[in-house]
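sharing a sequence plus its predicted fold:
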Amino acid sequence: MLSALVTVLAQDVAPVVQGAFERPAIDWHAISPELVILSVGALITLLDILFLDKIRPLIPALTGIGLLATMVPIITLAADDTGDRFMWGGAYAVDDLSLVLKALFVLAGYVVVLLSTNYIAEGDYHEAEFYQLLLSSIMGMVVMASARDLVTIFVALELLSIPAYLMAAWRKADPKSNEAGLKYLLMGVFASGIMLYGMSLVYGVAGSTKLSDIGAVVGGSVDTEPIITLGIVFVLVGFAFKVSAVPFHTWAPDTYEGAPTPLTAFLAVSSKTAGFVGLIQLIFIGFLGRSDVIEPMMWALAAATMTVGNLIALRQTNIIRMLAYSGVAQGGFMLAPLAVVGDVPDTALSAVVTYLAIYAAMNLGAFAAVIAVARRTGSGEISSFGGLFQYAPGLTVLFTVFLFSLAGIPPLGGWFAKFRVFESLIDAGTWQASVLGVIVAVNSVIALFYYANVARQMWFLPAPDGDERTIPVPVSLAAAMVICVILTILAGVYPAAVTQFTDFSNLALGG
């Protein structure tokens, strides 16, 4: 009898043990963008160890080439007609949405590398370490684009955030930089704790960390459970910090001002975009069944964020702090379509992704212009831009294009980004959406005042010190501005160039 019992147990346990040690199937083509970024980071680390100062002047170029190489597998995946790819039980997905977002992160990272060249090579700064951290953060963003699981989302968020905390405090001898890194770290840890607690509540109710499973449970019998509502609110609050939504925005102005300006551009664009990507994954896949919770919360966050951001930006005299509060307000515009996800999910999704793509181009271009001017003036005060047209007319025109695009003036790309927001609110057809549309329109007018004030300084006021020497612009910085201005104008003149990548009607977001 004992031998028979052992035989039965062996038959039952053997498949379980074998399954526990069986390697999950991996689609190497699907994760090739991540592998390329990882390889580039490892290569830079190895070269830095072997050659030290001899190789460091080449590190920015190697990083940029590595990011462009990452676009190759992204393009081949987009060209492959085999359909969406899901791995690890649907916890990791490579579909049209994720590929567009990965391309956005990689290209934005490449522009940041162009901005950083000849900037991070001062004093005791070590270029290799900076670019290693930058690649690590981009890696987290690329993973976030494919994450369909709470654990994967959290790991991706920490992977992109922790290097950013270190880079924010890069100027170690500057008290403002140290303050920036410390504030960003403390607020980030606090937000991560709240988000993780919310995820644990959601997992406790759903019994799964996979977003598609959570979506089925949330839209089912437990949709009115108070605990699931609390979990959703906590998770969304954690991501509201990442996108600097009011009242979770207080870290942004000081961090943006104290951090190196290329990193400020990175935080204002790529990091904010990654936060919105996390919101998209959670809302459209996991929490859409509770639109009664999501819509009022997103409505309040959008209205408060755009209004507070714009009103405070009006009072700023420092261009970096003005762009920081401008970024807060822009985040409010991007949150607006999420307030109608239950009514027009496809339109809302397309509106958010379209805005993210256009915002990346025009905001990176604005920061590039700021870096170029600061190379001569050494100041971030708006008054230092006085008379810029007299000695740098080309730079003035480019900066004006970016500013008016951020304000939403046709035919520049910003008008189309705001148009998609209005389109989603109008299509919803509810009085709440109509009221939010009015708030968006009023805030668009308010934003024009502080953008136009900078343009007025450049075009009509004299240089504050009477110094009208021309500004030497490095090739890498000029290339970044040219790339951004082309994309900004193209998005406004020919919107189909953007919408063919950002319209996701009937997209299967789950696995």
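Thanks, I have it.

remind me which residues of the chain are low pLDDT?
Across the chain, residues meeting the criterion (pLDDT under 70) sit at 1-24, 83, 119-126, 219-225, 378-379, 466-469, 504-511.

spatially central residue for it, please.
In the chain, the residue lying closest to the centroid (C-alpha atoms, centre = their mean) is Thr273, at 1.7 Å.

how about the closest residue in space to that residue that isn't next to it in sequence, secondary structure?
Spatial nearest neighbour of Thr273, excluding adjacent residues (C-beta to C-beta, 6 or more residues apart in numbering): Leu356 at 5.0 Å. The way it works is simple: take the backbone N, C-alpha and C, and place the C-beta from them, glycine included. Secondary structure state of Leu356, per DSSP: H, G, I helix; E, B strand; the rest coil, is helix.

okay, strands next: where are they in this protein?
Along the chain, the stretches classed as strands by DSSP state E are 85-87, 92-94.

wait, which of these is closest to Glu423?
Proximity to Glu423 (C-beta to C-beta) singles out strand 92-94 among the strands of the chain, at 26.8 Å.

run through the residues that contact Ala348.
Pro337, Leu338, Val340, Val341, Ser424 (C-beta atoms under 8 Å, 6 or more residues apart in numbering).

residues near the second one, how many?
When neighbours are defined as other C-beta atoms under 10 Å, Leu338 has 27 of them.

what's the answer for the last one, then?
Summarising burial for Ser424: neighbours were counted as other C-beta under 10 Å, giving 28.

so where do the helices sit in the stretch 201-350 of the chain?
Assigned by DSSP state H, counting those that start in this stretch, the helices in the stretch 201-350 of the chain fall at 211-218, 226-242, 251-258, 261-266, 272-281, 291-313, 319-335, 345-377.

need these in JSON lines with distance to Val94, can you?
Listed next are the helices of the stretch 201-350 of the chain as JSON lines, based on distance: least, C-beta to C-beta, whole Å:
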{"stretch": "helix 211-218", "distance to Val94": "15"}
{"stretch": "helix 226-242", "distance to Val94": "22"}
{"stretch": "helix 251-258", "distance to Val94": "32"}
{"stretch": "helix 261-266", "distance to Val94": "24"}
{"stretch": "helix 272-281", "distance to Val94": "13"}
{"stretch": "helix 291-313", "distance to Val94": "26"}
{"stretch": "helix 319-335", "distance to Val94": "24"}
{"stretch": "helix 345-377", "distance to Val94": "16"}
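
from the chain's centroid, how far away is stretch 84-103?
17 Å (C-alpha atoms, centre = their mean, to the nearest Å).

contacts for it?
Contacts to stretch 84-103, defined as C-beta under 8 Å, 6+ apart, come from residues 24-27, 29-31, 33, 71, 74, 77-78, 142, 145-149, 151-152, 209-210, 212, 273, 277, 280, 349, 353, 357, 501-502, 504, 507-511.

can you show me the CA trace of stretch 106-116 as CSV?
The C-alpha coordinates for stretch 106-116 follow below in CSV (Å, rounded to 0.1, in the frame of the first residue of the first chain):
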residue,chain,number,x,y,z
VAL,A,106,13.7,56.3,-27.3
LEU,A,107,13.6,59.3,-29.6
ALA,A,108,13.0,61.7,-26.7
GLY,A,109,16.0,60.1,-25.0
TYR,A,110,18.1,60.6,-28.1
VAL,A,111,17.2,64.3,-28.1
VAL,A,112,18.1,64.5,-24.4
VAL,A,113,21.5,63.0,-25.2
LEU,A,114,22.0,65.8,-27.8
LEU,A,115,21.1,68.4,-25.2
SER,A,116,23.5,66.8,-22.7
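
if we look at it, which residues are touching it?
33, 60, 63-64, 67-68, 70-71, 74, 130-131, 134-135, 138, 142, 260-263, 265-266, 269-270, 273, 360, 364, 367-368, 371, 476-477, 479-480, 483-484.

try it again at 6 Å.
With contacts defined as C-beta atoms under 6 Å, 6 or more residues apart in numbering, stretch 106-116 is touched by 60, 63-64, 67, 70-71, 138, 262, 265-266, 269-270, 360, 364, 368, 476, 479-480.

contacts only, for the residue nearest to Leu159 when sequence neighbours are not counted.
Nearest residue to Leu159 in three dimensions, chain neighbours excluded: Gly140, at 3.2 Å (C-beta to C-beta, 6+ apart). Gly140 makes contact with Ala156, Leu159, Leu160 under the criterion C-beta under 6 Å, 6+ apart.

ok, Met322 - contacts?
Ala313, Gln316.

for Val485, see how far away it is.
For Met322, the distance to Val485 equals 20 Å [C-beta to C-beta, to the nearest Å].

kindly report the same for Val94.
From Val94 across to Val485, the span is 31 Å (C-beta to C-beta).

quick one: contacts for Ala128?
Ile44, Asp48, Arg56, Ile59.

ok, the last one - how many residues close by?
The reference is to Ile59. 24.

thought it was touching Tyr131?
Yes: the pair Ile59 / Tyr131 is scored as a contact, 5.4 Å apart, by C-beta atoms under 6 Å.

which residues in the stretch 401-511 of the chain form helices?
Listed from the start of the chain, the stretch 401-511 of the chain has helices (DSSP H, counting those that start in this stretch) covering 413-428, 431-460, 475-493, 496-502.

let me have the ones you listed in JSON lines, adding distance to Tyr165 as columns.
Supplementary listing: the helices of the stretch 401-511 of the chain in JSON lines, determined by distance: least, C-beta to C-beta, whole Å:
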{"stretch": "helix 413-428", "distance to Tyr165": "29"}
{"stretch": "helix 431-460", "distance to Tyr165": "29"}
{"stretch": "helix 475-493", "distance to Tyr165": "25"}
{"stretch": "helix 496-502", "distance to Tyr165": "30"}
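
just checking, Met362 touches Leu487?
No: counting by C-beta under 6 Å, Met362 does not reach Leu487; the two are 8.3 Å apart.

which one of these two has more residues nearby?
Neighbours were counted for Met362 and for Leu487 using other C-beta under 10 Å; Met362 has more, 28 against 22.

from Gly408, how far off is that one?
10 Å.

any common contacting residues for the two?
Residues touching both Met362 and Gly408 by C-beta under 6 Å, 6+ apart: Gly414.

what number of residues lie near the nearest residue to Val353 once chain neighbours are set aside?
Among residues not flanking Val353 along the chain, Thr502 sits closest, at 4.4 Å (C-beta to C-beta, 6+ apart). Residues lying near Thr502 (other C-beta under 10 Å) number 23.

residue contacts, Thr502?
Ser350, Val353, Thr354 are the contacts of Thr502 under C-beta under 6 Å, 6+ apart.

adding distance to Tyr203 and neighbour count, write those residues out as JSON lines.
Below are these laid out as JSON lines (distance: C-beta to C-beta, whole Å; neighbours: other C-beta atoms under 10 Å):
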{"residue": "Ser350", "distance to Tyr203": "30", "neighbour count": "22"}
{"residue": "Val353", "distance to Tyr203": "27", "neighbour count": "27"}
{"residue": "Thr354", "distance to Tyr203": "32", "neighbour count": "27"}
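
mind giving me JSON lines with these and columns for distance to Leu311?
Shown next, in JSON lines, are the contacts of Thr502 (distance: C-beta to C-beta, whole Å):
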{"residue": "Ser350", "distance to Leu311": "29"}
{"residue": "Val353", "distance to Leu311": "28"}
{"residue": "Thr354", "distance to Leu311": "26"}
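
partners of the nearest residue to Ile153 once chain neighbours are set aside in the sheet?
Leaving aside its sequence neighbours, Ile153 sits nearest to Ala147 (C-beta to C-beta, 6+ apart; 4.5 Å). As for beta bridges, Ala147 partners with Tyr92 under DSSP bridges.
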